[in-house]
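> Fold the following, please.
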Amino acid sequence: MAKNTICVWYDKDAEAAARFYAETFPDSAVSAVHRAPSDYPSGKKGDVLTVAFTVAGIPCLGLNGGPAFKHSEAFSFQIATDDQAETDRYWNAIVGNGGQESACGWCKDKWGVSWQITPRVLTEALAAGGEEARRAFEAMMGMRKIDVAAIEAARRG
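Numbering: from 1, shown residues only. The predicted structure follows:
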């Protein structure tokens, strides 16, 4: 087990979420499923309690903790993409699997976890600063899924 692991709370679907992430993103896998040794407040003995998984190389633990806590945009996975095809693939996988679009490259999966699908061209434009960053930022502000060509055009002015 990694020294530092992100723990993501799910109502009851940690295993389904982890398997979806493993199928969707490279360098992702489900490495262990642990069942409850006895009954607990939101489940029974033998129910899936935790799931060890990685998302794009980041170690995570999914906890089936019940409905007490809900996800918010205060936590998100940010996935850097190299082109429009990769951006579309991840966006469509998340939104098309019961997820929800949001603004500026953000979306939520069907479990309520937030994702930022962020083309590198956008990150590079913002890091450049000045007018290039302003133009790219203003272009991004009107988008849901990021349009790589529109960001590149904004960078050029």
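> Show me how far stretch 69-89 is from its chain's centre.
Using C-alpha atoms, centre = their mean, to the nearest Å, the distance from the centre of stretch 69-89 to the centre of the chain it belongs to is 4 Å.
> which residues are in contact with that stretch?
Residues from elsewhere that reach stretch 69-89 (C-beta atoms under 8 Å, 6 or more residues apart in numbering): 8-9, 25, 55-56, 58, 90, 102, 106, 108, 111-120, 123, 145-149. C-beta here means a position set from N, CA and C on the backbone, and glycine is covered the same way.
> Where strands are concerned, which of these count?
Those of the contacts of stretch 69-89 mapping onto strands are Val8, Trp9, Val55, Ile58, Trp106, Lys108, Ser114, Trp115, Gln116, Ile117, Thr118, Pro119, per DSSP state E.
> show me what contacts the last one?
By C-beta under 8 Å, 6+ apart, the contact list for Pro119 reads Ala80, Thr81, Asp82, Asp83, Gln84, Thr87, Gly105, Ile146, Val148, Ile151.
> how near is the spatially most central residue of the chain to Ala149?
When the chain is reduced to its mean C-alpha position, the closest residue under C-alpha atoms, centre = their mean turns out to be Trp115, at 3.2 Å. According to C-beta to C-beta, to the nearest Å, Trp115 and Ala149 sit 21 Å apart.
> can you tell me the helix or strand for Arg155?
Take DSSP states H and E as the rule and Arg155 turns out to sit in helix 148-156.
> Nearest residue to Ala136 in space, ignoring adjacent ones along the chain?
Once flanking residues are discounted, Ala136 sits nearest to Ala125: 3.5 Å by C-beta to C-beta, 6 or more residues apart in numbering.
> Which of the three states applies to that neighbour?
The three-state assignment at Ala125 reads helix, by DSSP: H, G, I helix; E, B strand; the rest coil.
> Roughly how far does Asp27 sit from Asp82?
Distance of Asp27 to Asp82, given as C-beta to C-beta: 14 Å.
> same question but for Val55, I mixed them up
Computed as C-beta to C-beta, the Val55 to Asp82 distance reads 17 Å.
> Counting neighbours, go ahead and name the busier of the two.
Val55 (22 against 11; other C-beta atoms under 10 Å).
> Look at the more buried one and report its pLDDT.
At Val55, the pLDDT value in this model is 98.
> Then Ala139?
Note for Ala139: predicted pLDDT of 98.
> ok, and it, which helix or strand is that part of?
helix 130-141.
> Tell me the helices and strands packed up against that helix.
Helices and strands touching helix 130-141, as assessed by 3 or more C-beta pairs under 8 Å, 6 or more residues apart in numbering; DSSP states H and E, comprise helix 120-128, helix 148-156.
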